[in-house]
Each structure stands twice: as structure tokens, then as C-alpha cells.
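> Take a look and give me a structure for this.
(chains A, B, C and D)
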There are 2 protein chains.
Amino acid sequence: MATIRDVSKLAGVSIATVSRVLNRNGYVHTETEKKVLLAIKELNYTPNFVARSLSNKKTSTIGLIVPDITNPFFPELARAVEDVMQLYGYTIILCNSDEEPGKEKQYVEVLKQKYIDGFILASNGLPLYDVKNLDVPVVVVDRGIEPTIPTVVSQNRKGARMATEYLLECGCKKIGHIRGPKTVMNANERCEGYLDLVRQADWFDSSLIVDGNYETNRAFEATVRLLRENPDLDGIVAGNDLMAIGALKAARFLNRSVPDALSIIGFDGIAMGRITYPELTTIAQPIYDMGAIAARMLIKLIENQPLETIYHQLEVQLVEGGTTRKV
Amino acid sequence: MATIRDVSKLAGVSIATVSRVLNRNGYVHTETEKKVLLAIKELNYTPNFVARSLSNKKTSTIGLIVPDITNPFFPELARAVEDVMQLYGYTIILCNSDEEPGKEKQYVEVLKQKYIDGFILASNGLPLYDVKNLDVPVVVVDRGIEPTIPTVVSQNRKGARMATEYLLECGCKKIGHIRGPKTVMNANERCEGYLDLVRQADWFDSSLIVDGNYETNRAFEATVRLLRENPDLDGIVAGNDLMAIGALKAARFLNRSVPDALSIIGFDGIAMGRITYPELTTIAQPIYDMGAIAARMLIKLIENQPLETIYHQLEVQLVEGGTTRKV
DNA sequence: CTGTTAGCGCATTCAC
DNA sequence: GTGAATGCGCTAACAG
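Numbers count the residues shown, from 1 in each chain, chains lettered A, B, ... in the order given. Predicted structure coming up:
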């Protein structure tokens, strides 16, 4: 690979001049610029990013930390992040944290040693304290932590309210909730949204809230138990689509017909929900937008441009599928 | 951030010595080593990877190029790659190529400038010539190109034969095939496998092969047409699970009951196939293993260790679901 | 065993 | 406008 020195020799100028035309800064005579450009083409020269990074302290690469790329929510997010990052010449390092603080912290350390320019954090393992003291730009996605940290979330509580209200409108008389992990803030918010509408109901009891850990299988088991203990349950608000799918499977397992005998509504709007039968009714988040906005924010932070809004809360939207039926 | 120089001063030794204890090479007195280690801890020093990379020409990061991480086949592959890479201290850069040669080539160029240590290529855009002249270690996954290039694939042709044979055993009298893109080698192989068993059949006609582009929607449309033109069609071998899901939707759309009036079998064994109703019968590839093996191969290539096998072809496995029924 | 020194490839003062 | 020199932080001979 040719170096800047080779170019300078061939063009008969100093490396400083080559560097100037490369980075379009400082004055340089049109003639000499031409010579340099020619030499660059001649040698098929491309600058060495690592060397540049060493003096720059910038690598044009960012870290994307997700719990598990295998969870269908995150590929879409990752795709959005990558699309805009690619547009701006950044490259992205993918990290699966499994929500383990240790793994997450380790990734952060390694990437900082690699002069990463910033992070997009869609995982939850890292304590607030560490996030604030990252001394690298960071944007948090899908996990509101604190208003002082650049964040992109959607209306979790409101969405869960919408979901619950919709089931009530569908005529449900007794509605249960399958919730996500207690350690995950959006799971708590969605649970609150559900509670907002049912807390006062005469049929309500806290045993109607079961934990599905945001997973299909866990939700399946939880739903089976829930339905056995509450034969009169006729509605389920799931904390995410994966769990709604688990609930749907459980209903089929117990021969409860959906939506006739049981209504189910999910949360997220992942593509998977479109291939179940019946298709999932759900509260859709604008997943792609969340990723794209987060990426744009991070770029601004990195490039020291002002951020108009530091806390983005995006709208959710009810998508009617076949797991519910309006009366 | 502290540098190696700070450490050397605090420890009262030269930077060379510090470097030695850091990289455990060369002799160093136990006493001095202790002093150095102490200083490192004292200053909370961590080496700067970029500087190291500049003299090393190694970055401990590899590029993973996939067509689209949003396609559910790839997250699982990516997860496997990441898991083993993480084990060996490598970090992975994710690239979506959309199968576009231009995008792919651009990624390769950029990453080479960044001193990437190697590539795992699960995408198809790059012409063979370019892959061979990458001058960086590369392992190709899921897309056999040439026996001289380190490769991990599964038994595509055999798998398709198994699929077709299975439908025949299920009593199907006329079987169609929804194939993937002609530009993708495994799509061609699977098509061949299908042909191996039906080419000689009296009912066979090349119009029974339709293109679904490996996408659910395209397969849906293709299947609708196929079924309308061939009312007596009673079996479909889909080139992948996404298309099998499209076929399943089409069957429902046309009120053809599955598996009673129509049998469907997919290929891949993605998790999505487990949430359809009925669950997909499919030829499962060991996706995770493919990624893990590819990663291990790449590491060996990078670290100049010998490769026992350069071409891995993994076994596929028939997974019986509900979209077929054995008579 | 340990220190000195010369790169790695580029950006960036500071003179000219 | 342009070039020489220095530094980014670390590795790797090469001397001692």
C-alpha cells in the first residue's frame, strides 16, 4: 500500500502539501494540487485510517450495544443505525451484551481503547453512573435513563394504556398483563400503563400480572398458568410482541380461540407479528426511526454540533391485527 | 488517559520494559515486573489499541458482511460470529451490503484502510476475482464460491432433495418450487436438488419453478399465481423459510388448507418458522454452527495457524412441522 | 535482563 | 503557498 510519502515524492512536493490537499485545509496552489491529485491516482493511494486516527483521536467508528441481535427488535434498529452511519462515513461495531453489566462494561472499555467515537446504547446493563461518566458521546435508545442523557424512546406508558383501552373497547371483561423484566425500565413503564386503566377495576388483582421476561417461551408458560388460574380471563396485554406470540401459542395449546374467547395485543410492531395466524394486534413503535434518529444525534454529538432536542419520545401507533376484534 | 510513558516514569524503567511486561515477551526481572504492574494499576493504564495497531498492522477487529441483518437468517449467524470472536478478543464490524457489489466493494475498501484483520463474507455481491485478491484473510459463509477459498456451507442440493423426497413420501402428486435469486449460488443448488427428483416425472414442467427472490412478499405473489395456474398442485418446496411463510400465507389467502390440500416445506430452520401456524416443516441448517466455524477458521487464518479443512459442508436436518403430514 | 532508537503513516505547528 | 520537524502511543530490533 502506498503511503503519503510515496505520493509526495512522486508529486515532487512535501508530505505536508499532500496532507493539505487530502484534507482540503490550508492554501495550496492549483497547479501543485493537480500534481498531487495525479500522483494519488497514479499510485492508487488511499490514506491509512489507523495512522490518521492516532493523531486525530477519531476513528469514524461507533459502537452499537444491544442485548441480543437475535431478538427481532434489534436487527431493524441496527439496520437503521447502520444506514445513516454509512451515509456519514462511519462504521459500526456490533456488541451483544445479554444485558450483563460485566460484558457491557468490558465492551465499553475495549472500544474506548480503540478510540471509538461514540456509543449507541440499546442495552441496560450499565449503571447510570457509568453511562454518565463514559467520557465518550453516547445516545441511549429504547431505555430512558435520565433526561440529561441524549435519549430516544417511544411512548411506552401511553402505548400500554392505548393497548389496554383497546381491549376494553373490544369488550374484554378481565385483562391480564405479561410483563418484561423488572430491571428494564420500559417494561415497568408498560406495566404502569396497563395499571393506569385497570387498577381501579373490581375484577383487578395483582396476580393478573405475570412475568414473561420478554421471551416467547417464558410467556407461553406464564400464559398457560395464568389462563388456568383465571378461566374467565378474556384479554391479554403483552409487554412485547415476542411474548404476545407466546401467549398466542398458549391459547392454541389450551384450545382457547383467539380472538373469540381471548383477545391478545402486543407491543413493538416487529415483522414477526405479521406472520402469525391470526396476525398480531399490537402497539407499533417506529423502530427504524428510533435507530435513525439516535444515529443522527450521535453524529451531532461527535461532531460537536448543537442538539436541538436531547430527549426524543416518539409516537406509537395501534396496528389492528386478527388477535382482537372490535365489537 | 495514561500512556506507556507515564507508566515507565512512575515505575522508573524504560518504555521498552513496560511494553515487555504488557506483551509478555522478552525476559524481565520479577521485581521490575512487579513495579511496572503496580504503576499500571496505579495509573489505571490501558494500552492504546490504535497506536498498537499502527505498528502492528493488526486491529483485532474483523468485518462481517451480510446482505441484510434484517433477514432473520443473519442475526443468528452474526451472533455466533460475535460469540466466538469475543472469546478471542476480536471485535466485529457489521456491514449490510444489500447484495450490491458497489456497496460491498466500498465497505471492503474502507475496512482495509482501517487495517481490518479479516472478513467473513455472507453476501454475494463481490465477484470471485475480487474475493481472491482481497489480500486480507477471508472466509465465505453460506455461499460456496470456489474450493480454494475457505468456506462454510451446508448441504444445499442434498437438502433440497430431502425436502422434495419428503413431499413425495407425503403423497404429493405435483410439486412446485419457489426459488431464490438466480445470482445466488445456494438458490441454484437448491433448485437443482429439487430438479434431481422431479425432472423425470410425467407431471413436471419448468413453469412449476417460480422466483420468490428469497422474500416473503414476492413468494406470496408467486405462490398465488402458481396455485391459480396449477389447481392440482399439492406440494411446494420453498428455497428458504421466508418464502415458505409467503407460500403459507398465499395458501390461506386462497383457502387452500395446509397440510390437507397443500404441503409446504421450507429451508433454513430460522426461529420464525416456529411461530407460524401450522409450524413450518423445513430443512434446517446449523446456522449457529456455520457462524461459529467460520469465525474459528478466520481466526486461524489471521493468526497463521494451519487450517485442517478449507471447505466445510455441514449437514442439514429435516424438521417436521405441521405444514406437511406423513401418510 | 534492560534501555535507546527507529519506525508505523499521518496531521500540524512554525518557519521560510 | 510550501517544507521541515515534531508528536500521536506503541512495537521491535539492536545495543549494552
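
> Which pLDDT value belongs to the residue lying closest to A:Q317 once chain neighbours are set aside?
Excluding its sequence neighbours, the residue lying closest to A:Q317 (C-beta to C-beta, 6 or more residues apart in numbering or on different chains) is A:A284, at 5.0 Å. For glycine as for every other residue, the C-beta is placed from the backbone atoms N, C-alpha and C. In this model, A:A284 is scored at 98, pLDDT.

> A:A284: what's it in contact with?
The contact partners of A:A284, by C-beta atoms under 8 Å, 6 or more residues apart in numbering or on different chains, come to A:268-269, A:316-319.

> any idea which of those residues has the most stuff around it?
A:D268 (29 neighbours; other C-beta atoms under 10 Å in any protein chain shown).

> Tell me the backbone dihedrals of that one, please.
phi 140, psi -50 (degrees, to the nearest 10).

> for the nearest residue to A:V316 once chain neighbours are set aside, what are its contacts?
Excluding its sequence neighbours, the residue lying closest to A:V316 (C-beta to C-beta, 6+ apart) is A:G159, at 4.0 Å. Neighbouring residues of A:G159 by C-beta under 8 Å, 6+ apart: A:190, A:193, A:267, A:283, A:285, A:316.

> Just grab the bridge partners of the residue nearest to A:Q317 for me.
Here A:A284 sits in beta bridges with A:D268, A:Q317, as judged by DSSP bridges.

> coming back round to it: buried only: go through the contacts of A:G159 for me.
A:190, A:193, A:267, A:283, A:285, A:316 (16 or more other C-beta atoms under 10 Å in any protein chain shown).

> And the furthest pair within the residues you listed?
A:G193 and A:Q285 (13.4 Å; C-beta to C-beta).

> Who are the contact partners of the residue in the stretch 201-327 of chain A that chain B sits nearest to?
Nearest residue of the stretch 201-327 of chain A to chain B, counting by C-beta to the nearest C-beta: A:Y277, 4.5 Å away. By C-beta under 8 Å, 6+ apart, the contact list for A:Y277 reads A:322, B:252, B:276-277.

> Could you rerun that using 7 Å?
A:Y277 makes contacts with B:252, B:276-277, as judged by C-beta atoms under 7 Å, 6 or more residues apart in numbering or on different chains.

> Save those as a markdown table, and put in secondary structure too.
Shown next, in a markdown table, are these (DSSP: H, G, I helix; E, B strand; the rest coil):
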| residue | secondary structure |
| --- | --- |
| B:R252 | helix |
| B:T276 | coil |
| B:Y277 | coil |
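
> Name the next helix or strand downstream of the worst-scoring helix or strand of chain A on mean pLDDT, please.
The weakest-scoring helix or strand in chain A, judged by mean pLDDT, DSSP states H and E, is helix A:128-132 (a mean of 80). Using DSSP states H and E, the next helix or strand after helix A:128-132 towards the C-terminus is strand A:138-141.

> Starting from that next one, tell me which strands it pairs with and how they run.
Based on DSSP bridges, the pairing partners of strand A:138-141 within the sheet are strand A:118-121 (parallel), strand A:151-154 (parallel).

> Only C-alpha atoms, please: export the first one in PDB.
Taking C-alpha atoms only, strand A:118-121 is exported to PDB below (Å, rounded to 0.1, in the frame of the first residue of the first chain):
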ATOM      1  CA  GLY A 118     -19.300   7.200  20.400                       C
ATOM      2  CA  PHE A 119     -21.800   4.700  21.600                       C
ATOM      3  CA  ILE A 120     -25.400   3.900  20.900                       C
ATOM      4  CA  LEU A 121     -26.700   2.000  23.900                       C
END
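
> Can you get me the centre-to-centre distance for that strand and its chain?
Using C-alpha atoms, centre = their mean, to the nearest Å, the mean C-alpha position of strand A:118-121 is found 11 Å from that of the whole chain.

> which residues in the stretch 151-300 of chain A form helices?
With DSSP state H, counting those that start in this stretch as the criterion, the stretch 151-300 of chain A has helices at A:156-169, A:185-198, A:216-229, A:241-253, A:287-302.

> Going by neighbour count, list what's buried in stretch A:19-35.
A:19-22, A:28, A:32-33, A:35.

> Give me the distance between the two termini of that stretch.
Taking C-alpha to C-alpha, to the nearest Å, stretch A:19-35 runs 13 Å from one end to the other.

> any residue of that stretch up close to chain B?
No: between stretch A:19-35 and chain B, judged by C-beta under 7 Å from any C-beta of the partner chain, nothing touches; the nearest distance is 12.6 Å.

> and what of stretch A:254-267?
No: residues of stretch A:254-267 are not located near chain B by C-beta under 7 Å from any C-beta, the shortest gap being 10.5 Å.

> for that stretch, the distance to its chain's centre please.
28 Å.

> With stretch A:99-110 instead?
In terms of C-alpha atoms, centre = their mean, the centre of stretch A:99-110 is found 17 Å from the chain centre.

> wait, A:I265 sits on A:P278?
No: here A:I265 does not reach A:P278: they are 11.8 Å apart, not a contact under C-beta atoms under 7 Å.

> Common neighbours of those two, please.
A:T323.

> Show me which of those two is the more surrounded one.
A direct count of neighbours by other C-beta under 10 Å for A:I265 and A:P278 places A:I265 higher, at 31 against 15.

> show me what contacts that one?
Contacts of A:I265 (C-beta under 7 Å, 6+ apart): A:163, A:166-167, A:237-238, A:244, A:281-282, A:323-324.

> and which of the residues you listed is nearest to B:V66?
B:V66 lies nearest to A:T282 out of the contacts of A:I265, by C-beta to C-beta, at 26.8 Å.

> and the closest one, how many residues sit next to it?
Neighbour count of A:T282, defined by other C-beta under 10 Å: 29.

> Which residue in the buried residues of stretch A:19-35 has the weakest pLDDT?
Lowest pLDDT of the buried residues of stretch A:19-35: A:V28, 88.

> Roughly how far does it sit from A:S19?
Relative to A:S19, A:V28 is positioned 10 Å away (C-beta to C-beta, to the nearest Å).

> Please tell me I have it right and A:A163 contacts A:I283.
Yes: with contacts counted by C-beta under 7 Å, A:A163 reaches A:I283, the gap being 5.1 Å.

> what residues are shared contacts of these two?
Taking C-beta under 7 Å, 6+ apart as the criterion, A:A163 and A:I283 both touch A:F267.

> Could you confirm whether any residue of the one helix or strand A:L94 maps to contacts chain B?
For A:L94, the host element (DSSP H and E) is strand A:91-96. Yes: Strand A:91-96 is in contact with chain B by C-beta under 7 Å from any C-beta, via A:91-94, A:96.

> I appreciate the help and will end here.
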